[in-house]
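Colleague: Turn this into a structure:
(2 chains)
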Protein chains: 2
Amino acid sequence: MKAGAECYLCLMSQVLRTARVLGLDEGLSQRMAREACAFLAETDFERTPPEISEDLYRLLAELSGNEDPYSEIKKDNIQKALKLYPELKQAVEASADPLRAALEISLAGNVIDFGANAEDDWLSDRRFLSLGSLALDDYVQLVEDLNRATRIVFLGDNAGETVFDRLFIEKIGKKVRYAVREKPIINDATAEEARLSGLPEVAEVISSGCRAPGTVINQCSADFLKILRESELIIAKGQGNFECLEQIPGPFYFLLKAKCEVVSRHLGVEKGSLVLTRSRNFQARLAFNI
Amino acid sequence: MKAGAECYLCLMSQVLRTARVLGLDEGLSQRMAREACAFLAETDFERTPPEISEDLYRLLAELSGNEDPYSEIKKDNIQKALKLYPELKQAVEASADPLRAALEISLAGNVIDFGANAEDDWLSDRRFLSLGSLALDDYVQLVEDLNRATRIVFLGDNAGETVFDRLFIEKIGKKVRYAVREKPIINDATAEEARLSGLPEVAEVISSGCRAPGTVINQCSADFLKILRESELIIAKGQGNFECLEQIPGPFYFLLKAKCEVVSRHLGVEKGSLVLTRSRNFQARLAFNI
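Modeller: Numbering: from 1, shown residues only, chains lettered A, B, ... in the order given. Down below sits the predicted model:
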């Protein structure tokens, strides 16, 4: 999915948020904003938002000398999520359909995001756990596909929701590979955040080799691409993964909160909607030639 | 008041909003956003926000071929405000302090703004009329200064609130000159919008000679500067006028809703606060050498 006009605004909003997280003074914040404008005026907008975002955050890292500005925020969100974990696990077990309950909790966790339309204060009340109905809901089909599949990959998104993904993976009850970003970007989960979330206890944690806030196929490592090609089911979490993968034929299910106009429009749902959708380009195996 | 880092974001937000108002397609919207980024990367941020904004909107006008994209929105807001006018006038007359009541209605009208943090739908309910208390309130002093003054200028802001300003000027009950922008910019009032609002019935409508969304002293016409220099009291409405004039010694009162972080911080109030404040640089006559 290509970037849209609104992405200019969203990316600038991320620049200002990052300056705030870094505690930059007014002069440095302005310099960062100015350099970001110069970048946005020149960069290729025929790419997906995560590809543009990756370049932008690299620029911000160079300007600030900080490769991982969201480090503390990531840890904090994982701690908060871990505190909820026992009671959520109980709720899942007590549910009439534990797999569905766990999937919904994983989806609810997708509110944690310091990229698009961040909800900094996601835990302030627990409304985020009351999903209501999904705007797109291919659950029945997912269950069928899950029953058939033996090679399953879960593409993770943000630190914190990783804990909720863990619950979902426990309920899948099969071997799952959980893919994370190769290096820190925004508050996306890397191997370190997966570890802190307890994911290695329920899944094989692997890196995509990519450091964009999504899965940019032609940046992935050869090892990871091999795994993807052999997969029978790929659950891709969050907007970034959707933006990168929705046009690629493969066994994809997308699980996300549609946080911005560009993605909502593309999905044909209202902004803010929760979505579980089988890829429009679904096919049994990933087809992608680099 | 100089622009701040947040202004980059606010200005980009205005670019996207203007593209939407103009009904531009995706390609043109992206082009506008890109050119705006190029402009923001280069322009002098040691200026006040209205000065930067003026240049930016000139660029948008050139790109779109439309000098007055908010023309219909301005008319619509005036119509809506005129419908409220009779009942508001009654409420003012019935009030224990009609001048104060009229001032509060004029201040409430400052929610109408398609620049900073626009409230497109200000009339959807009438909460905007329930001000609560002002975060800064120099009313007692204003009344004293109004009683003494014979040469009074009111610097207008947006089309629509012009109708509410009319009510306030009626209650001042003295000769008032009402200054508008020289040419259309955003939804700011020009002579045309002042006319549609009925202001010529209660005030002498004059142009500042300036087309920034504020009063940039060194862009004002010689005639207007002469009037300002002779004024004993200048009521400056809205953020744009505050940003341009707060540092200039003169008989200024600022009447505004603090809509953004930069202005709120400068005033020392919470964002969203309503303010009537005598200038920190108040003096009996305008002192400004160009």
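
Colleague: Look at residue A:185 and give its secondary structure.
Modeller: coil (DSSP: H, G, I helix; E, B strand; the rest coil).

Colleague: ok, now which ones touch it?
Modeller: Contacts for residue A:185 (Cβ atoms under 8 Å, 6 or more residues apart in numbering or on different chains) come out as A:53-54, A:57, A:211-213. In this view, the C-beta of every residue, glycine as well, is placed from N, C-alpha and C.

Colleague: and with 6 Å instead?
Modeller: A:57, A:211, A:213 (Cβ atoms under 6 Å, 6 or more residues apart in numbering or on different chains).

Colleague: next one: residue A:207
Modeller: Going by Cβ under 6 Å, 6+ apart, residue A:207 touches A:180, A:182.

Colleague: Show me what it is bridged to.
Modeller: residue A:180 (DSSP bridges).

Colleague: Now do the same for it: its pLDDT.
Modeller: The score at residue A:207 is 98. That number is its pLDDT.

Colleague: That one and chain B, how far apart?
Modeller: Counting by Cβ to the nearest Cβ, to the nearest Å, the gap from residue A:207 to chain B is 33 Å.

Colleague: ditto for residue A:56
Modeller: For residue A:56, the distance to chain B equals 12 Å [Cβ to the nearest Cβ].

Colleague: Checking that residue next. Helix, strand or coil?
Modeller: Classified using three-state DSSP, residue A:56 is helix.

Colleague: For it, grab the count of nearby residues.
Modeller: 22 (other Cβ atoms under 10 Å in any protein chain shown).

Colleague: likewise residue A:80?
Modeller: Close neighbours of residue A:80, defined as other Cβ under 10 Å, add up to 14.

Colleague: In terms of pLDDT, where does it sit?
Modeller: We note a pLDDT of 92 for residue A:80 in this prediction.

Colleague: Next: residue A:228.
Modeller: 97.

Colleague: got a list of contacts for the one helix or strand it maps to?
Modeller: Assigned by DSSP states H and E, residue A:228 belongs to helix A:222-230. With contact meaning Cβ under 6 Å, 6+ apart, helix A:222-230 is reached by A:151, A:208-209, A:286.

Colleague: List the buried residues in it.
Modeller: If you call a residue buried by 16 or more other Cβ atoms under 10 Å in any protein chain shown, then helix A:222-230 has these buried ones: A:224-225, A:227-228.

Colleague: what sits against the residue nearest the centre of chain A?
Modeller: In chain A, the C-alpha nearest the mean C-alpha coordinate belongs to residue A:157, at 2.5 Å (Cα atoms, centre = their mean). Counting by Cβ under 6 Å, 6+ apart, residue A:157 touches A:237-238.

Colleague: which secondary structure elements does the helix or strand just after the helix holding residue A:228 contact?
Modeller: Next helix or strand after helix A:222-230 toward the C-terminus (DSSP H and E): strand A:233-237. If contacts are counted by 3 or more Cβ pairs under 6 Å, 6 or more residues apart in numbering or on different chains; DSSP states H and E, strand A:233-237 sits against strand A:152-155, strand A:252-257.

Colleague: Dump the ones you listed into JSON lines; add mean pLDDT, mean neighbour count and distance to residue A:263 as well.
Modeller: Formatted as JSON lines, the helices and strands packed on strand A:233-237 follow (pLDDT from 0 to 100; neighbours: other Cβ atoms under 10 Å in any protein chain shown; distance: least, Cβ to Cβ, whole Å):
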{"stretch": "strand A:152-155", "mean pLDDT": "98", "mean neighbour count": "25", "distance to residue A:263": "16"}
{"stretch": "strand A:252-257", "mean pLDDT": "97", "mean neighbour count": "26", "distance to residue A:263": "8"}
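
Colleague: For residue A:176, which of those is the nearest?
Modeller: The closest of the helices and strands packed on strand A:233-237 to residue A:176 is strand A:152-155. By Cβ to Cβ, the value is 4.8 Å.

Colleague: how about the CA coordinates for the next helix or strand after that closest one, as PDB?
Modeller: Following strand A:152-155 in sequence order, the next helix or strand is helix A:161-172 (DSSP H and E). The C-alpha trace of helix A:161-172 is given here as PDB (Å, rounded to 0.1, in the frame of the first residue of the first chain):
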ATOM      1  CA  GLU A 161       1.100  -5.900  22.800                       C
ATOM      2  CA  THR A 162       3.700  -8.700  22.500                       C
ATOM      3  CA  VAL A 163       2.400  -9.900  25.900                       C
ATOM      4  CA  PHE A 164      -1.100 -10.100  24.500                       C
ATOM      5  CA  ASP A 165       0.200 -11.900  21.400                       C
ATOM      6  CA  ARG A 166       1.700 -14.400  23.700                       C
ATOM      7  CA  LEU A 167      -1.800 -15.300  25.100                       C
ATOM      8  CA  PHE A 168      -3.100 -15.800  21.600                       C
ATOM      9  CA  ILE A 169      -0.200 -18.000  20.600                       C
ATOM     10  CA  GLU A 170      -0.700 -20.100  23.600                       C
ATOM     11  CA  LYS A 171      -4.200 -20.800  22.500                       C
ATOM     12  CA  ILE A 172      -3.200 -21.600  18.900                       C
END
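
Colleague: how about the closest residue to residue A:45 other than its chain neighbours, phi and psi?
Modeller: Closest residue to residue A:45 apart from its sequence neighbours, by Cβ to Cβ, 6 or more residues apart in numbering or on different chains: residue A:3 at 5.1 Å. Per-residue torsions, residue A:3: phi -70, psi 160 (degrees, to the nearest 10).

Colleague: circling back to that earlier point, okay, the helices and strands packed on strand A:233-237 in JSON lines with distance to residue A:46 next?
Modeller: Output for the helices and strands packed on strand A:233-237, formatted as JSON lines (distance: least, Cβ to Cβ, whole Å):
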{"stretch": "strand A:152-155", "distance to residue A:46": "23"}
{"stretch": "strand A:252-257", "distance to residue A:46": "22"}
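
Colleague: To chain B, which of those lies closest?
Modeller: Among those, the nearest to chain B by Cβ to the nearest Cβ is strand A:252-257 (21.6 Å).

Colleague: what separates residue A:90 from residue A:101, distance-wise?
Modeller: Noted for residue A:90: a distance of 11 Å to residue A:101, by Cβ to Cβ, to the nearest Å.

Colleague: Equivalent analysis for residue A:17, please.
Modeller: Distance of residue A:17 to residue A:101, given as Cβ to Cβ: 33 Å.

Colleague: does the residue nearest to residue A:45 really touch residue A:49, like I thought?
Modeller: Yes - if you go by Cβ atoms under 6 Å, residue A:3 and residue A:49 touch, sitting 4.8 Å apart.

Colleague: which parts of the stretch 151-290 of chain A sit against chain B?
Modeller: Not one residue of the stretch 151-290 of chain A sits near chain B, judged by Cβ under 6 Å from any Cβ of the partner chain.

Colleague: For residue A:257, which non-adjacent residue is spatially closest?
Modeller: Among residues not flanking residue A:257 along the chain, residue A:110 sits closest, at 4.5 Å (Cβ to Cβ, 6+ apart).

Colleague: before we move on, what about residue A:240?
Modeller: Using Cβ to Cβ, 6+ apart and skipping residues adjacent in sequence, the residue nearest residue A:240 is residue A:214, 3.0 Å away.

Colleague: ok, the one you found - contacts?
Modeller: Each residue near residue A:214 by Cβ under 6 Å, 6+ apart is listed here: A:50, A:240-241, A:243-244.
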